[in-house]
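[1] Build the 3D model from these lines:
(one chain, ligands or ions: 1)
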Amino acid sequence: MQALLAAPDVAGGIRFADVPEPVPSPHQVLVDVRHASVNSGEVRHLELQPAGAVLGYDAAGYVVRTAEDGTGPGVGERVVAFGIGAWGRRAVFGTDSVAVVPASLDLAAAAALPLVGMTALRTLRAVGSVLGRRVLVTGAAGGVGRLAVQLARLGGAHVIASVGSARRIDGLAALGADEVVVGLDAVDAPVDVIIENVGGAHLVTAWGLLKPGGSLQSVGWVSGEPAVFPPNSTFALGPAKTLQSFGDASNPGPDLAVLVDLAARGTIKPEVGWRGSWERIGDAIQALIGRKVAGKVVIDLDDTAGSHPR
Ligand SMILES: NC(=O)c1ccc[n+]([C@@H]2O[C@H](COP(=O)([O-])OP(=O)(O)OC[C@H]3O[C@@H](n4cnc5c(N)ncnc54)[C@H](OP(=O)(O)O)[C@@H]3O)[C@@H](O)[C@H]2O)c1
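    This is a model prediction of the structure:
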């Protein structure tokens, strides 16, 4: 089967190759992958992947072999999945890492959900109820950001979406942001919760905006900058402020089911800002890293899908 592999020895660090189809273990299904998404972290840190590994984590397609242990979806079911090796025409996933996609949800839209959706969902859950609380989302124009804005709004928060430049504000108010700001200078009052995707100086400034008792969920470090905290800036009178790391992608199935259900009902919108054939993976990565994508990049592995840049 065709797959996109980690290739540290070639320009761009990725190559197409014919590789053997993966063989499922007893608790895994074999999926015919039609669409996959490209995540910021996986393409910024390609060097962390062993040479020859099939890349990608987010997939959507059709089950072509059920799990031997009798768990999970049946042959022909449309599924979304999270796990290593999503950028291959066939991929195996544990039955705890897939969810059936309702007929009303486009498979390509479903492919946009796994990693960013779980991240937004789980970091917001970690802070408890956001009803009536001020939630700041940094890097809000990106994949995690656009879903965090929608889920925080769904939870009843006053949502402040922070983007890198004025040209990136489009669509965020329609997704539920009460305020859309460029950078952090315009955040005019302390916040209860921060979903922080940028790192570096952004993280330090955001920390200063957090109320006593508030929680900063440190999701990403897309700026690549160091964060230098001024002396005493981690001291606060009153209830403790917390900075919490995030990296929990365990047992994704139930949360994938929550996300596809919300998307199928139109409660959240998976935003696909770039879509095209997987043969254009280089263009896809350039668009993402070049901060030109509103939301997610989705690649079509289906040979008949053609190219649909948006
Ligand atoms: N901890 C985890 O398990 C986990 C899970 C998922 C993602 N992540 C990480 O979370 C981060 C966000 O992921 P994503 O998928 O949302 O990425 P994304 O789609 O690439 O979005 C990142 C956003 O960050 C902004 N940005 C980029 N460089 C910036 C800079 N130098 N200064 C300020 N803003 C900058 C961009 O803003 P503009 O568009 O406004 O220019 C972009 O919209 C990444 O670092 C990713 O690796 C971590």
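
[2] CA atoms for contacts and neighbours, from now on please.
    OK.

[3] Which residue ranges make up the domains of the protein?
    With domains defined by automatic domain parsing, the chain comprises 2-112+270-300, 116-245.

[4] start to end distance for the first one?
    The first residue of domain 2-112+270-300 is 13 Å away from its last residue (Cα to Cα, to the nearest Å).

[5] Was I right to think Gly74 contacts Tyr62?
    No - with contact defined as Cα atoms under 8 Å, Gly74 does not count as touching Tyr62 (9.4 Å).

[6] Between these two, tell me which one has more neighbours.
    Shown here are Gly74 and Tyr62; by other Cα atoms under 10 Å, Tyr62 has more neighbours (23 against 17).

[7] show me what contacts that one?
    31-34, 75-79 (Cα atoms under 8 Å, 6 or more residues apart in numbering).

[8] likewise Lys241?
    Going by Cα under 8 Å, 6+ apart, the list of residues near Lys241 reads 210-216.

[9] Who wins on neighbours among the contacts of Tyr62?
    Counting neighbours by other Cα under 10 Å, Val31 comes out on top of those with 31 neighbours.

[10] Over to the residue most central in space within the chain. Which of the three states is it?
    Geometric centre of the chain, nearest residue: Val116, 1.7 Å, by Cα atoms, centre = their mean. Classification of Val116 using DSSP: H, G, I helix; E, B strand; the rest coil returns helix.

[11] try Val149
    At Val149 the chain is in helix, as set by three-state DSSP.

[12] What is the neighbour count of it?
    By other Cα under 10 Å, the residues close to Val149 number 31.

[13] Wait, it touches Leu175, no?
    Yes - the pair Val149 / Leu175 is scored as a contact, 6.9 Å apart, by Cα under 8 Å.

[14] circling back: the contacts of Tyr62: which two are farthest apart?
    Based on Cα to Cα, the longest span within these runs between Arg34 and Val75 and measures 15.0 Å.

[15] Ala249 is in what secondary structure piece?
    Ala249 is part of no helix or strand when elements are defined by DSSP states H and E.

[16] what about Leu124, which helix or strand?
    Element membership of Leu124, judged by DSSP H and E, is helix 114-126.

[17] contacts for stretch 128-135?
    Residues from elsewhere that reach stretch 128-135, judged by Cα under 8 Å, 6+ apart: 124, 152, 155-160, 190-195.

[18] does the ligand sit close to the helix or strand of the chain with the lowest mean pLDDT?
    When the helices and strands of the chain are scored by mean pLDDT, DSSP states H and E, helix 40-44 comes last with a mean of 93. Yes - using Cα under 6 Å from any ligand atom, helix 40-44 reaches the ligand at 40-41.

[19] Keeping just the C-alphas, turn that helix into PDB.
    Output in PDB follows, covering the C-alpha atoms of helix 40-44 (Å, rounded to 0.1, in the frame of the first residue of the first chain):
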ATOM      1  CA  SER A  40       1.100  21.200  13.800                       C
ATOM      2  CA  GLY A  41       3.200  19.300  16.300                       C
ATOM      3  CA  GLU A  42       3.800  16.200  14.100                       C
ATOM      4  CA  VAL A  43       5.100  18.300  11.100                       C
ATOM      5  CA  ARG A  44       7.200  20.700  13.200                       C
END
